[in-house]
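K.L.:
Test case, fold it:
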Amino acid sequence: MSRPTDFIQANTKLLAVPLVGEIRLHLAEESMPIWQKTEEELGRMNVPPPYWAFAWAGGQALARYLLDNPGLVEGRSVLDLGAGSGLTAIAAMKAGASKVLAADIDPYAAAAVTLNAQSNSVRVGTTTADLLDAPAEAFDLILVGDLFYERELADRVLAFATKARDGGAVVLAGDPRRSYFPRDKFLQLAEYSVPVTRDLEDMEIKHTAVWQLAP
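P.N.:
A predicted model of the protein is given here:
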């Protein structure tokens, strides 16, 4: 088995993100081939989808919002929860964050974040610990990109985010109103038309909003 970084570089292309052209990521062009190659690489079936290999709509919208509103980020400590490719973590660093931790339980995501950060000349810390099971650390800003797609995960994310908010953090989410997004808990800040692939979504343009967890 090759190193995660070698696997990522061999099976992705360094591409500009459609809505965030300032950032380039190691991305897969189709979902099934990279998923099958991941299973082959790990030597087992039922591997979770390689979320790190795509720029999801919620992450694109949130990254665009951070770059366009650097005052929200400048000088702050940031947690990118369920970081995937690290798109929003990278955007936060480019917008002036003092430090960013990208958290994702997939070791390949952690490797992708490091590669992508290097490709964009920023430094992002990573962890594969499941922070949803831990007390919310003291971050100024929590970023949640496209994590409300399963009920159990959505409930855990909301509970973690609520504790972080109650501890003084600002919680921002990028989400195209996925099935389990708790709309009544958030205030909408902005909306974008995000180019996506029909291989992942049900349309080529996904209307996606940036939200703040309400007080």
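
K.L.:
Buried residues, stretch 5-12. List them.
P.N.:
Judged by neighbour count (16 or more other CB atoms under 10 Å), stretch 5-12 contains these buried residues: Phe7, Ile8, Gln9, Asn11, Thr12. Any C-beta I mention is one placed from the backbone N, CA and C, and that applies to glycine too.

K.L.:
Now, those residues that are in helices?
P.N.:
Phe7, Ile8, Gln9, Asn11 (DSSP state H).

K.L.:
Mind jotting down where the helices sit in the chain?
P.N.:
Using DSSP H, helices in the chain cover 4-11, 31-42, 57-68, 87-94, 107-119, 151-166.

K.L.:
From the centroid of this protein, which residue is nearest?
P.N.:
Ala83 (3.7 Å; CA atoms, centre = their mean).

K.L.:
Model confidence at that residue, what's the number?
P.N.:
The per-residue pLDDT reported for Ala83 equals 97.

K.L.:
Chain neighbours aside, what residue packs nearest to it?
P.N.:
Nearest residue to Ala83, sequence neighbours excluded (CB to CB, 6 or more residues apart in numbering): Ala102, at 3.6 Å.

K.L.:
now do Leu79
P.N.:
Phe139 (4.3 Å).

K.L.:
Repeat that for Leu131.
P.N.:
Leu131 sits nearest to Ala103 (CB to CB, 6+ apart), 5.0 Å away.

K.L.:
what's the straight distance from one end of stretch 91-104 to the other?
P.N.:
Start and end residues of stretch 91-104 are separated by 17 Å (CA to CA, to the nearest Å).

K.L.:
where's Asp175 relative to Asp133, distance?
P.N.:
22 Å (CB to CB, to the nearest Å).

K.L.:
average pLDDT for stretch 122-138?
P.N.:
If you average the pLDDT over stretch 122-138, you get 88.

K.L.:
end to end, how far does that stretch reach?
P.N.:
OK, stretch 122-138 end separation, CA to CA: 22 Å.

K.L.:
So for that stretch, what gets flagged as buried?
P.N.:
Of all the residues in stretch 122-138, those buried under the rule 16+ other CB under 10 Å are Val122, Val124, Gly125, Thr126, Leu131, Leu132, Ala136.

K.L.:
Tell me which two of those residues sit farthest apart.
P.N.:
Using CB to CB, the pair of the buried residues of stretch 122-138 lying farthest apart is Val122 and Leu132, separated by 25.2 Å.
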